[in-house]
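Engineer: pasting the structure only:
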């Protein structure tokens, strides 16, 4: 229904299955491994074993009922010059774990094979490279949803999550290897940020950053401000 509404208002996907299939075929295997690793790690962190649906508690003569349901859609504006693809895909995993109805993405900046491979891997429903505000306006009229601005596009919508890239430095303190080289290629479009205290350190010693990871976790991105709860609608009723 939502995808039909987008098409009705002239928002046919700018990137289709054929282009995604080409990226899936041509993206180097070691780069695919980096992205799959990040996605699997994000899924593992997001799984709590409990899917909130409804909770009812009584306090004396007052009853509180809390209901939670997935949002109808999630709109991601992404630019890999601001956040690396591994961060983008880890954010999208949160929406998938929450079982959002439709996942739509707008790409600003370079469109690379690793980026398209990740979108294909996550089965993103619609991909656009133009008019993000117009597409968001159509979505807004189609049901409940949330926008995640990882591109700095200044989206106009009541519920927009805007992580600041200046807060998320990454340091790689690993010996040169094919895997480390592939990580550098996947994230090459991300402009370096000056950070005295990186958010993630791959390699190095514990205490160097909030998260220190071994080489086997290279590319994994644990979000601190995006969780599946950001992609659910929760209502509270007292009676």
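Structural biologist: Cool, the structure landed. It should be emphasised that the depicted structure is a prediction, and the values quoted were computed from it without experimental measurement. Numbering: from 1, shown residues only.

Engineer: helices or strands next to the longest strand along the chain in the packing?
Structural biologist: The single longest strand within the chain, with elements called by DSSP state E, is strand 62-70. Here strand 62-70 touches strand 54-59, strand 232-238, going by 3 or more CB pairs under 8 Å, 6 or more residues apart in numbering; DSSP states H and E. C-betas here are computed from N, CA, C, even on glycine.

Engineer: not counting its own residues, what contacts the helix of greatest length in the chain?
Structural biologist: Of all the segments of type helix in the chain, defined by DSSP state H, the longest one is helix 29-46. The contact list for helix 29-46 (CB atoms under 8 Å, 6 or more residues apart in numbering) reads 85-86, 89-90, 93-94, 97, 113-114, 117-118, 121-122, 178-179, 182-183, 185-186, 216-223, 227-228.

Engineer: from those residues, which would you call buried?
Structural biologist: Under a neighbour-count criterion of 16 or more other CB atoms under 10 Å, the subset of the contacts of helix 29-46 counted as buried comprises 85-86, 89-90, 93-94, 97, 113-114, 117-118, 121-122, 179, 182-183, 186, 217-223, 228.

Engineer: what about those, which are in helices?
Structural biologist: Those of the buried ones among the contacts of helix 29-46 lying in helices (DSSP H): 85-86, 89-90, 93-94, 97, 113-114, 117-118, 121, 179, 182-183, 186.

Engineer: closest to residue 4 among these?
Structural biologist: Within these, proximity to residue 4 (CB to CB) peaks at residue 121, which comes in at 24.8 Å.

Engineer: which residues touch that closest one?
Structural biologist: Applying CB under 8 Å, 6+ apart to residue 121 gives the contacts 24, 35, 36, 39, 89.

Engineer: rerun that using 7 Å as the cut-off
Structural biologist: 35, 39 (CB atoms under 7 Å, 6 or more residues apart in numbering).

Engineer: pLDDT wise, what is it at?
Structural biologist: On pLDDT, residue 121 comes in at 97.

Engineer: isn't residue 237 up against residue 65?
Structural biologist: Yes: look at residue 237 against residue 65 with CB atoms under 7 Å: they come within range, at 4.6 Å.
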